[in-house]
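**Q** Fold the following and give me the result.
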Amino acid sequence: MINLVDLAGSERQDKTGATGQRLKEAVGINQSLTTLGQVISILAENSEGGNKFVPYRNSSLTRILQNALGGNSQTVMICAISPASDNYEETLSTLRYADRAKKIKNKPIVNES
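**A** You can find the predicted model right below:
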């Protein structure tokens with residue numbers, strides 16, 4: 001199974017000037033990205049010997065990515081960052097995601113019958 005997901009970065013309401021339906025969509029995107037960040041952090045902690053509950057069901061995004069993040073899988077995350085100075089905060093946020101994600105250690109096992 002292959003999952004290709006474009007996370008598109010956070011939606012900064014003040015920067016985009018979103019209102020109405022677009023604002024509601026931006027809020028939903030931010031909630032999903034926040035939950036994804038929490039899941040990645042908990043999985044990274046659990047890889048280092050922790051045993052915390054992973055809240056996959058708090059977001060449809062994390063529910064879809066559950067097997068890719070913490071299942072019997074090998075996962076690759078590609079991060080695109082912006083060289084523009086006005087995207088500095090978004091770039092740092094993306095790099096934090098990547099740093100936390102690379103700390104997740106899955107132990108995939110070949111299923112044979």
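**Q** Tell me where the model's unsure across the chain.
**A** Of all residues in the chain, those with pLDDT under 70 make up the ranges 8-14, 16.
**Q** Let's check: the centremost residue of it is which one?
**A** Among the residues of the chain, Leu36 comes closest to the average C-alpha position under C-alpha atoms, centre = their mean, at 4.0 Å.
**Q** I'd like the distance between the closest residue to Ala18 other than its chain neighbours and Leu61.
**A** On the basis of C-beta to C-beta, 6 or more residues apart in numbering, the spatially nearest residue to Ala18 that is not a chain neighbour turns out to be Ala26, at 5.0 Å. All C-beta spots, glycine's among them, are computed from the backbone N, C-alpha and C. With the distance defined as C-beta to C-beta, to the nearest Å, Ala26 ends up 14 Å from Leu61.
**Q** Report how many residues lie close to Leu65.
**A** Taking other C-beta atoms under 10 Å as the neighbour definition, Leu65 ends up with a count of 20.
**Q** ditto for Leu4
**A** 5.
**Q** For it, pull up the helix or strand it's in.
**A** No secondary structure element spans Leu4, as it lies outside all helices and strands (assigned by DSSP states H and E).
**Q** Distance of it relative to Val76?
**A** Leu4 sits 10 Å away from Val76, going by C-beta to C-beta.
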